[in-house]
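> need coordinates for the below:
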Amino acid sequence: MDKIVIASNNKHKIKEFKEMISNYEILSLNDIEFNGDIVEDGNSFEENALIKARTIHNYLKEKGLNYLVMADDSGLCCDALDGAPGIYSARYSEEHNDQANRDKLINDLKNKEKDAYFNCTIVLYYPDDTYKTFVGKTYGFIIEEERGKTDFGYDPIFYSKDLNKTFGEASEEEKNSVSHRGRALKEMLKEL
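Numbers count the residues shown, from 1 in each chain. Got it, this is the predicted structure:
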């Protein structure tokens, strides 16, 4: 079975990818014993995904391994905030704290339009040093009260236009069927 290295140690993200990619063996950064830091200093989702993918590709090359590498960068974009939090979604409140990020976003959107979308950009990096990019988006709006049992990221306050409920209220299956990551992944799977 062919292998794809996911350029992440985020357990939630890896679980999502394993559920959606069945015909490849999925490896995490732990699995390939990569424990370095990757500085995501790009100015877009694509630049950050490419930085991650290329870093892991070069690491594998040094070890003589020819695996596909998949990296993604994703985030929430609000029209009224000129696309913020965008690439800074995970640290919008200047700390990696989901609750603090949600609180700051709700505060920043007071008396503003609440339209928002999640963007996911996946870079699939090939052993021959070429890559392809896939983008998925899902649209909705931000609500002020948290709903649902899932408190991952912005899920409890992102009301999905596809599902007519928040991602926090949705099952994993429902969310995966319309999520930005799911849509980008479907595009990537067509390529594979």
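
> how near is residue 145 to residue 25?
When distances are taken as C-beta to C-beta, to the nearest Å, residue 145 and residue 25 turn out to be 42 Å apart. The C-beta positions use only the backbone N, C-alpha and C, and glycine is treated the same way.

> hmm, I typed the wrong one, I wanted residue 121.
Distance of residue 121 to residue 25, given as C-beta to C-beta: 24 Å.

> comparing those two, which residue is more hemmed in?
The residue with the greater number of neighbours, taking residue 121 and residue 25 and applying other C-beta atoms under 10 Å, is residue 121; the counts read 24 against 13.

> where does pLDDT dip in the chain?
Segments of the chain classed as low confidence (criterion: pLDDT under 70) are 1.

> got the phi and psi for the residue nearest the centre of it?
Note on the chain: the residue nearest the mean C-alpha position is residue 74, at 3.7 Å, using C-alpha atoms, centre = their mean. When quoted as degrees, to the nearest 10, the phi and psi of residue 74 stand at phi -150, psi 160.

> A strand includes residue 17, no?
No - with DSSP: H, G, I helix; E, B strand; the rest coil as the criterion, residue 17 is located in helix rather than a strand.

> that one against residue 26, yeah?
Yes - Residue 17 is in contact with residue 26 according to C-beta atoms under 8 Å; the separation is 5.9 Å.

> anything in contact with each of those two?
With contacts taken as C-beta atoms under 8 Å, 6 or more residues apart in numbering, the residues that reach both residue 17 and residue 26 are residue 6.

> hey, what's the residue nearest to the centre of the chain bridged with?
Each beta-bridge partner of residue 74 is listed here, defined by DSSP bridges: residue 120.

> what sits against it?
Neighbour list for residue 74: 45, 89, 118, 119, 120, 121, 180, 181 [criterion: C-beta under 8 Å, 6+ apart].

> how does it look with 10 Å?
Neighbour list for residue 74: 13, 45, 48-49, 87, 89-90, 118-122, 135-137, 153, 179-181, 184 [criterion: C-beta atoms under 10 Å, 6 or more residues apart in numbering].

> repeat for residue 55
If you count contacts by C-beta under 10 Å, 6+ apart, residue 55 has them with 7, 34, 36, 37, 38, 39, 40, 69, 71, 125.

> let's see 8 Å
With contacts taken as C-beta under 8 Å, 6+ apart, residue 55 has the following neighbours: 7, 36, 38.

> longest helix of this structure?
Within the chain, and with DSSP state H defining each element, the longest helix by residue count is helix 45-62.

> what number of residues lie near residue 119?
Other residues within reach of residue 119 by the criterion other C-beta under 10 Å amount to 24.

> same question but for residue 67, I mixed them up
21.

> same question for residue 141.
Per other C-beta under 10 Å, the neighbour tally for residue 141 reads 17.

> gap between the closest residue to it other than its chain neighbours and residue 157?
Using C-beta to C-beta, 6 or more residues apart in numbering and skipping the chain neighbours, the partner closest in space to residue 141 is residue 114 (4.3 Å). For residue 114, the distance to residue 157 (C-beta to C-beta) stands at 9 Å.

> perfect, I'm done here.
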